[in-house]
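Participant: for reference, the sequence and a predicted model appear below.
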Amino acid sequence: MRLSRSLRAAALAAAIGLSAALPAHADEQFFPLQSYRVGPYAAGGTGFFGGFIDYLNLINIRDGGVGGVKLAWEEGETQYEVERGVEVYDRLKNHPGVAAWNPLSVGIAYAMIDRITKDKVPLITINHGRTDSTDGRVFPYVFPLLLNPYSETSGIVNYIASREGGADKLKSKKIVVLYHGSPYGKETIPIYKLLADKYGFSLEQIEVPHPGNEQQSQWLSIRRAKPDYVVLRGWGVMNPVALKTAQKVGFPVDHIIGNVWSNSEEDVIPAGDAAKGYVAITTQASGAEYPVLQEIIKTVYGQGKGNLDDKKRIGSVYHNLGIVNGILNVEAIRIAQRKFGQRTLTGDEVRWGFEHLQLDPARVQALGAKGLFHSINVTWDNHEGDGRVTFQQWDGTKWKVVSDWIAPDWAFLRPIIEKSAAAYAAEHNTKVRTSDETPVSQ
Amino acid sequence: MTRPARSIAAGWLTPSYLAPAILLIVAYGVVPFAGSDYLLDAMLTPFLALALAALGLNLLTGYAGQVSLGSAAFLAVGAYAAYNFNLRLHELPFLVSLVAAGLVAAAIGMVFGLPSLRLRGFYLAVSTLAAQFFVQWALTKFEWFSNNNPSGVIDAPPLSVAGLTFSGAAGRYLFSLTVVAVVTLLAIRLLRLQVGRNFIALRDHETAAKVLGVPLLRTKLLAFGVSSFIIGIAGVLWAFAYLRTVEPAGFNLDRSFEILFIIIIGGLASIRGAFLGAAFMVVFPLLLSRLGAALLGDVFDSGVLEMSQRIVIGALIIGLLIAEPRGLIALVDRLAERVLRRSPRWFRRSTQF
């Protein structure tokens, strides 16, 4: 008994001791990854973090890091749960040289806003996040890069208008939004209402409780409502179930428009035939024909260091989003290095890099990502960076792009975002920045 | 609680408070200075909050014998009530909001405790599920509760009591520790009063209790009220000291089950059981995950490790309950007895409470 107890004590001591002994390297930029490879959202997690890690690996192997600074990372499993995400944050935040956080979860991102603002480390929520964090005057450290939820909504409504032959044709139309019952899903409720008022379409928003593997009653409501379009604001298992249930109740699949988290192969392949003709918005094209992907296949997977277990997923929507996310993070570090020097940067210096993250189509082409995504233009007060969107249709085997790069209606959205950010600033006594200087700590 | 009754004065004089006193001295005097932010923020603060919730449920289920599956709902009521008191009544000191949040949770708990007058066992458990679903639905449906935040997420303001701000990991830990210690002491006192004996009488044999003159209606509602009060306070700690942000989905049925498992694994009808169970369910998986990541992190990705931990923990729970169906606390007591058999009498008494 005594032996086994002392053994147990030793194991515990080892666990605590090992966790305390963090390796400290010179000239290393660290990415703490709150990934999720388990649970209902594992498809998104493995694809996105796989792409992200693949790109970081490419930079390390091909270029020896960014400006000689190696990129390092460590994963912590969150299962998309806020509590676990916060635990991983507490675990990894004291690692030296943290560049940026990329939790890929609105709930976790919300929980981190106060924390990372205090730590002065950027929080990246590519294609999702809290919409009003676009206003960099109030949220200096939060970056909903490429596409915030309001821009996405505006893009989807503009696309529906173009299919109907103009915005004035929306008047007599009815749109149902089927949204995921999570902070992410609810984020767009007010903006759909505003757009419905603006364009005069009638609107119904229906919630699907997390995780969304049972939707019979929601689709019966949709059948009763007889909408012209259903916008699918889903996530994970909710998406294929929605498509299959739509087929069961006889709703035409080409009138279901998927949002940016309902646009992957993992959403349509499990739905089989029911997904053929389904259209979804995206900020980054799928496919592996882009030079940057070819290099990842050759350099990273060639050396057996690829992160995806299933090589067929290379070039899938989530994988490519992870790669785009990698490009944006790496380029922000590169831009910040030009100002601060080629060394391990502090979180605040990387924040400066993100606030000057301007990649025009020529630079995107030089990075081997022409056609993968359009461009980005982040400034100190616009943390989204005016990403363009495109629409893709599933033909049963692959996604086919069916539109040009479309710009959302930023001029209409900006005052709404500023109003919401101002309310946040008032509630939290946040000092509103008036230039790109380092934010004053509170 | 099988110990014979004795006078309160004698209780304070004998060194039966020695062990908890030493524990408190370590918790106050050593841990905040020696522990890392990670230990305090990610392990001990959630441990304290869940232990308090488990203590609340243990009063209801362990002592008074009323099964409840609505614990997470009362956590949510506490968290959202404190948030709204704080938001809408600026002048209200935080401690008042804390107690008021507990009272709101107690009121809701008593409403959902009403079916216990007619239902028992599994039937009661199912009817408390109504609380679980109703509260989550109401918090999602009525945006007023989350101050019209479209995502339904609230940000907890910083903790400050009488001008003292508990920022920092150590501050939040000390705040939680103080609240948990005070509430735990009150719960121990309560159990030694007639009310506590009524709870046990009610659990052991309802009809007999009635014959003995235990007022069933009052006792049952009181059990629900006190239990929900404590769970509501735990919800405030969970939201304000630990997560510092809350969404209704964080208080789902899984959380209710987690709290129920804590008291089953820790030991029913035992104050210490709630703490031991919470340690097993909160701290142990984290230790295991750190150990796994440190030893095998280079070989397997985090997904595989996560899955293996679940298997290990599941197997441990089964093994533990086979070895000792009365929970960890019985196991600890048996071990302690062996060690203490030859120790002086006062020391033996000091470890029993």
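Facilitator: Arrived safely, thanks for sending.

Participant: which helix or which strand is home to B:F175?
Facilitator: helix B:168-192 (DSSP states H and E).

Participant: do a quick rundown of the helices in the stretch 201-350 of chain B.
Facilitator: Chain-ordered helices for the stretch 201-350 of chain B, with DSSP state H, counting those that start in this stretch as the definition, fall at B:206-211, B:216-236, B:253-266, B:271-278, B:284-296, B:302-323, B:328-340, B:345-350.

Participant: same for the first one, what does it pack against?
Facilitator: Taking 3 or more CB pairs under 8 Å, 6 or more residues apart in numbering or on different chains; DSSP states H and E as contact, the helices and strands that helix B:206-211 lies on are helix B:194-204, helix B:216-236. From N, CA and C alone the C-beta is placed, and that goes for glycine too.

Participant: still on that earlier bit, check which residues of the helix holding B:F175 are buried.
Facilitator: Of the residues in helix B:168-192, those with enough neighbours to count as buried (16 or more other CB atoms under 10 Å in any protein chain shown) are B:169-177, B:179-181, B:183-184, B:187, B:190-191.

Participant: repeat that for stretch B:301-321.
Facilitator: Within stretch B:301-321, the residues that count as buried by 16+ other CB under 10 Å are B:301-303, B:305-306, B:309, B:313.

Participant: and those residues near chain A, which?
Facilitator: Taking CB under 8 Å from any CB of the partner chain as the test, chain A is in contact with B:301-303, B:305-306 out of the buried residues of stretch B:301-321.

Participant: buried ones in stretch A:123-140?
Facilitator: Taking 16+ other CB under 10 Å as the criterion, stretch A:123-140 shows A:123-140 as buried.

Participant: okay, and the residue nearest in space to the middle of chain A sits in which element?
Facilitator: When CA atoms, centre = their mean is applied to chain A, the residue found nearest the centroid is A:I126 (3.5 Å). In this structure, A:I126 is located outside every helix and strand according to DSSP H and E.

Participant: equivalent analysis for A:V230, please.
Facilitator: With secondary structure defined by DSSP H and E, A:V230 is part of strand A:229-233.

Participant: quick check, the helix or strand following that strand touching chain B?
Facilitator: Proceeding C-terminally, strand A:229-233 gives way to helix A:238-249 as the next helix or strand, assigned by DSSP H and E. No. Using CB under 8 Å from any CB, helix A:238-249 stays clear of chain B, coming no nearer than 13.9 Å.

Participant: which strand residues bridge A:V98?
Facilitator: Going by DSSP bridges, A:V98 is paired in beta bridges with A:F30.

Participant: not counting its neighbours along the chain, what's nearest the closest residue to chain B within chain A?
Facilitator: Sorted by distance to chain B under CB to the nearest CB, the residues of chain A start with A:R37, at 2.8 Å. Nearest-residue entry for A:R37: B:G303, 2.8 Å, with adjacent residues in sequence omitted and distances by CB to CB, 6 or more residues apart in numbering or on different chains.

Participant: distance check, B:I262 against B:P285.
Facilitator: With distances defined as CB to CB, to the nearest Å, the gap from B:I262 to B:P285 amounts to 12 Å.

Participant: that older thread, OK, contacts around the residue nearest to the centre of chain A?
Facilitator: The contact partners of A:I126, taken as CB atoms under 8 Å, 6 or more residues apart in numbering or on different chains, are A:102, A:104, A:144-147, A:321, A:324-325, A:328.

Participant: contacting residues for residue 112?
Facilitator: Assuming you mean chain A. With contacts defined as CB under 8 Å, 6+ apart, the neighbours of A:M112 are A:85-86, A:89, A:101, A:103, A:123.

Participant: actually, chain B is the one I wanted.
Facilitator: By CB under 8 Å, 6+ apart, B:F112 lies in contact with B:70, B:73, B:127-128, B:130-131, B:224.

Participant: so it: helix, strand or coil?
Facilitator: Secondary structure, DSSP: H, G, I helix; E, B strand; the rest coil: B:F112 is helix.

Participant: now whatever residue of the stretch 51-200 of chain B ends up closest to chain A. Nearest residue, chain neighbours left out?
Facilitator: Sorted by distance to chain A under CB to the nearest CB, the residues of the stretch 51-200 of chain B start with B:S151, at 3.8 Å. Residue nearest to B:S151 in three dimensions, not counting chain neighbours: A:P183, with 3.8 Å by CB to CB, 6+ apart.

Participant: and what of A:R223?
Facilitator: Setting aside the residues directly before and after it, A:R223 is nearest to A:V249 in space (CB to CB, 6+ apart), at 4.8 Å.

Participant: these two touch, right, B:E258 and B:A51?
Facilitator: No. Counting by CB atoms under 8 Å, B:E258 does not reach B:A51; the two are 11.9 Å apart.
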